[in-house]
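[1] need a structure here:
(one chain, ligands or ions: 1)
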Amino acid sequence: MKVLVHIDDAEQWRDALARRLPQAEVFTSSAPAEKRREADYLAAWKPSAELLGEPERLKGIVNLGAGVDALLGNPGLPEGVPIVKLRDAGMAELIGDYVRYGILHFQRDFDRYRRQQARRDWREHAVVDKADWPVGVLGLGAIGAKVAAMVAADGFPVHGWSRSPRSLDGITCHHGDAGLDELLGQVRSLVLLLPDTPATRHVIDAAALARLPEGASLINPGRGSLIDEAALLDALGEGETEGRLRGALLDAFPEEPLPGASPLWSHPRVWVTPHMAGPTPLGEALDQVAEALLAFEAGEALDTVDPEAGY
Ligand code: GLV
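    Residues are numbered from 1 along each chain as shown. This next block holds a predicted model:
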């Protein structure tokens, strides 16, 4: 089988995959065009439309990330080619750490202390017990479920939400529109780990933000499209004085890189990180890629992406 690999560090992935699958011919997008045209499989993260359209007999695509929104929205995506995406593959733990940092940032008042430091203001805030700091996790896929479990293991009461009912040990699970309202009404930190689909666009809008308790915080290592940015800025309010929304730690934006003119960059209660919460680690991901390619070759049934659902 011929496998075209496209990702940052593609050479490293090519070499590692070639060692894992000695029977395969693995090459990167810098291989000659005739070679790219012959690829049976594409293992890629955010390929260009041109690259995606090149292979003439593509039998399968492995998305080298968890979210398939960029791939499904790519005009070069050939129709009917099955897609497999990475599931967790070590990303969940990285994202879990990002989320823990975010929760502690607000629960232990690091945001307030940072602002106080600028004023040389030595003043201690009483700690709110973890048991009194419910956390909401929207999205209970492979990543959301693991992140919810990590946060629960830290001692925070965790509420999870998914469109259809789920049941997870140690997590209070909610579902559907009513369940979302129920969750929003009681969490002090809200974590967004939903996929980017037409159904999840602006799930955090003015009404959702208004449901959150006064002083709640938002942590978004998911997708930028989940948040209505104008509503977010409105809920935050201006300047250092805490608005209805205390602060936001944001890793994903509708347009990336976040444009220089975005007011989020300079908002004193917004922390911007450059989509770094869950980079794809090579090790576990490689096992999943190799497994998917072998299953494709053997004609075995695979857990493929549903393009209609968007995940
Ligand atoms: C990163 O954002 C991913 O979807 O893997």
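
[2] residues from the chain in reach of the ligand?
    Within the chain, the residues that sit near the ligand (Cβ under 6 Å from any ligand atom) are Gly65, Ala66, Gly67, Met91, Gly278, Thr280. All C-beta spots, glycine's among them, are computed from the backbone N, C-alpha and C.

[3] could you say which helix or strand holds Ala231?
    helix 229-236 (DSSP states H and E).

[4] packing partners of that helix?
    In terms of contacts (3 or more Cβ pairs under 8 Å, 6 or more residues apart in numbering; DSSP states H and E), helix 229-236 is packed against helix 206-211, strand 245-250.

[5] what lines up beside the helix or strand that the last one is followed by in the sheet?
    Along the chain past strand 245-250, the next helix or strand (assigned with DSSP H and E) turns out to be strand 270-272. Looking at strand 270-272 with DSSP bridges, its partner strands are strand 245-250 (parallel).

[6] ok, and what's touching the partner strand?
    Strand 245-250 is contacted from outside by 101-102, 105-106, 111, 209, 212, 215-220, 224, 227, 232, 235-237, 264, 269-273, using Cβ atoms under 8 Å, 6 or more residues apart in numbering.

[7] mind listing what the most centrally placed residue in the chain touches?
    Closest to where the C-alpha atoms of the chain average out (Cα atoms, centre = their mean) is Gly222, at 3.2 Å. With contacts defined as Cβ under 8 Å, 6+ apart, Gly222 is in contact with Leu138, Gly139, Leu192, Leu193, Leu194, Pro195, Asp196, Ala252.

[8] between those residues, which sits nearest the ligand?
    The closest of those to the ligand turns out to be Ala252 (Cβ to the nearest ligand atom; 7.0 Å).

[9] show me the shaky parts of the stretch 151-300 of the chain.
    By pLDDT under 70, the stretch 151-300 of the chain has no low-scoring segment.

[10] touching stretch 198-206 from outside, list them.
    138, 163, 180, 190, 192, 194, 218, 223, 225-228, 231-232, 234-235, 310.

[11] among those, name the ones in helices.
    If you go by DSSP state H, those have Leu180, Ala231, Leu232, Asp234, Ala235 in helices.

[12] from those, pick the one nearest Lys59.
    Leu180 (39.0 Å; Cβ to Cβ).

[13] follow-up on the earlier one: of the ones in helices among the contacts of stretch 198-206, which pair is most distant in space?
    Leu180 and Asp234 (19.8 Å).

[14] now the helix or strand harbouring Lys146: buried residues?
    For Lys146, the host element (DSSP H and E) is helix 142-153. By 16 or more other Cβ atoms under 10 Å, the buried positions in helix 142-153 come out as Ala142, Ile143, Gly144, Ala145, Lys146, Val147, Ala148, Ala149, Met150, Val151, Ala152.

[15] ditto for stretch 153-165
    With burial defined by 16+ other Cβ under 10 Å, the residues of stretch 153-165 counted as buried are Phe156, Pro157, Val158, His159, Gly160, Trp161, Ser162, Arg163.

[16] again, but for stretch 9-25
    The neighbour-count check on stretch 9-25 (16+ other Cβ under 10 Å) flags Ala10, Trp13, Arg14, Ala16, Leu17, Ala18, Arg20, Leu21, Ala24 as buried.

[17] quick one: which of the residues you listed is nearest the ligand?
    Of the buried residues of stretch 9-25, the one sitting nearest to the ligand (Cβ to the nearest ligand atom) turns out to be Trp13, at 14.2 Å.

[18] measure that closest one to Asp196 for me?
    According to Cβ to Cβ, to the nearest Å, Trp13 stands 24 Å off from Asp196.

[19] cool, and Arg163?
    14 Å.

[20] for Gly310, same thing?
    Distance, Gly310 to Asp196, by Cβ to Cβ: 7 Å.

[21] what sits in contact with each of these two?
    Counting by Cβ under 8 Å, 6+ apart, the contacts common to Gly310 and Asp196 are Asp69.

[22] neighbour count winner among these two?
    Taking other Cβ atoms under 10 Å, Gly310 and Asp196 do not tie; Asp196 has more neighbours (22 against 17).

[23] so which residues of this protein form helices?
    Counting by DSSP H, the helices of the chain are 10-20, 33-37, 49-53, 69-72, 91-107, 110-118, 142-153, 176-184, 206-211, 229-236, 282-298.

[24] return the most buried member of the ones you listed.
    Of all the helices of the chain, helix 142-153 has the most neighbours on average by mean count of other Cβ atoms under 10 Å, namely a mean of 22.

[25] CA atoms of that one as PDB?
    Taking Å, rounded to 0.1, in the frame of the first residue of the first chain, the C-alpha atoms of helix 142-153 are listed here in PDB:
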ATOM      1  CA  ALA A 142     -13.200  10.300  23.500                       C
ATOM      2  CA  ILE A 143     -11.600  13.500  24.600                       C
ATOM      3  CA  GLY A 144     -14.400  15.100  26.600                       C
ATOM      4  CA  ALA A 145     -15.100  11.900  28.600                       C
ATOM      5  CA  LYS A 146     -11.400  11.600  29.600                       C
ATOM      6  CA  VAL A 147     -11.100  15.200  30.500                       C
ATOM      7  CA  ALA A 148     -14.300  15.000  32.600                       C
ATOM      8  CA  ALA A 149     -12.800  12.000  34.400                       C
ATOM      9  CA  MET A 150      -9.500  13.800  35.100                       C
ATOM     10  CA  VAL A 151     -11.300  16.800  36.500                       C
ATOM     11  CA  ALA A 152     -13.500  14.600  38.600                       C
ATOM     12  CA  ALA A 153     -10.400  12.700  39.900                       C
END
